[in-house]
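1. I'd like to go over a predicted model; first the sequence, then the structure.
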Amino acid sequence: MLTVKDVLKKKGNDIWSIGSGETVYKALELMAEKNIGALLVIDNGHVVGIFSERDYARKVILKGKSSRETSVGELMTKDVYSITSDKSVEECLALMTAAHCRHMPVYENNQLAGLVTIGNVVNTIIAQQKTTISDLENYITGSGYQT
């Protein structure tokens, strides 16, 4: 069984974040620089929200706000779903699907360990399925085994 910890091992534990008092413009600059779709919003060492491209599109552009004058805290998603690193990738995908979220903080021993995306999780599941299929094909045909 592959776990969320396995996903983090493959993708890395980089955590990009911003404070809630920073401007949306600064958040967008950081997201563009790092080529990422979301930032954790961290104040005083605690996750207080998440700011994504979706938040920007729906809460700045469509509402006529200025990204240079609006704080991340005004627009961030405050209800952040998270998961622990010992959960299976299937459990993670189910939670992300049910919660309609694309980015999820991962905790290990009550400490922030990383951030996974739905793409990371789906790609891990696909790779696992390909390996299983290949193993089954080899078993059925007897190839790859010596008697």
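-> Okay, I see it. Numbers count the residues shown, from 1 in each chain.

2. where exactly do the helices run in the protein?
-> Taking DSSP state H, the helices of the chain run over residues 4-11, 24-34, 53-56, 72-75, 89-99, 118-141.

3. among these, which is the most enclosed?
-> Each of the helices of the chain was scored by mean neighbour count; the highest is helix 72-75, a mean of 20, by mean count of other Cβ atoms under 10 Å. Where you see a C-beta, it was placed from the backbone N, CA and C, and this is true even at glycine.

4. what's that one in contact with?
-> Here helix 72-75 makes contact (Cβ atoms under 8 Å, 6 or more residues apart in numbering) with 18-24, 26-27, 39, 41, 48-49, 51, 55-56, 59-60, 65.

5. Among those residues, which ones are in strands?
-> Among the contacts of helix 72-75, the members found in strands (DSSP state E) are 18, 39, 41, 48, 49, 51.

6. and the nearest residue to the last one once chain neighbours are set aside, how far is that from residue 124?
-> Closest residue to residue 51 in three dimensions, ignoring its sequence neighbours and counting by Cβ to Cβ, 6 or more residues apart in numbering: residue 76, at 4.5 Å. With distances taken as Cβ to Cβ, to the nearest Å, residue 76 is found 27 Å from residue 124.
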